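*Asks:* Here's my sequence, what's the structure:
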Amino acid sequence: MDRKSLSNAVENGNMEWQRHALERMLEREISRKMVKSVLLSGEIVEEYSDDEPYPSALFLGCIEGQPLHVVAAFDSMSDNCFVITTYKPDQDHFESDYKTRRSHGN
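*Replies:* Numbers count the residues shown, from 1 in each chain. Here you go, the predicted structure:
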């Protein structure tokens, strides 16, 4: 994922918020400002280059000392960022670095 193009899209407001993301944000008390912050300064911890219709990635950021995950896709043809979902990761599903998924077989 081209971080510079994604950052430009976020900074210019070229964002589409999927209904699922907005519903989860409301449930989880996650603001648009928090999501934008993660997309601009967070770390890509997983890339999904084969996702359709656009490649996407899992971003990890820290907001007020708390980890936050954002899944977003980027359409390089239209320079649009699509926010798919966002959540506060937990240690049931991720290691303490919030980057490494726990294997469910253990």
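*Asks:* The top strand by length along the chain pairs with which strands, parallel or anti?
*Replies:* For the chain, the strand with the greatest residue count under DSSP state E is strand 66-75. If you go by DSSP bridges, strand 66-75 pairs up with strand 56-63 (antiparallel), strand 80-87 (antiparallel).
*Asks:* Can you mark which positions in it are buried?
*Replies:* Across strand 66-75, burial judged by 16 or more other C-beta atoms under 10 Å covers 67, 68, 69, 70, 71, 72, 73, 74, 75. Heads up, the C-betas are built off the backbone N, CA and C, glycines and all.
*Asks:* List the contacts of the closest residue to the third one other than its chain neighbours.
*Replies:* With C-beta to C-beta, 6 or more residues apart in numbering as the measure, residue 89 is the residue that lies nearest to residue 69, at 5.0 Å, once sequence neighbours are left out. Contacts were defined as C-beta atoms under 8 Å, 6 or more residues apart in numbering; by that measure residue 89 touches 60, 67, 68, 69, 98.
*Asks:* So what does residue 89 look like in phi/psi?
*Replies:* When read as degrees, to the nearest 10, the backbone of residue 89 gives phi -70, psi 150.
*Asks:* Now for residue 35, which secondary structure element holds it?
*Replies:* According to DSSP states H and E, residue 35 maps onto helix 32-41.
*Asks:* need the next SSE after that helix, C-terminal direction.
*Replies:* Downstream of helix 32-41, the first helix or strand assigned by DSSP H and E is strand 43-48.
*Asks:* Kind regards, and thank you for your time.
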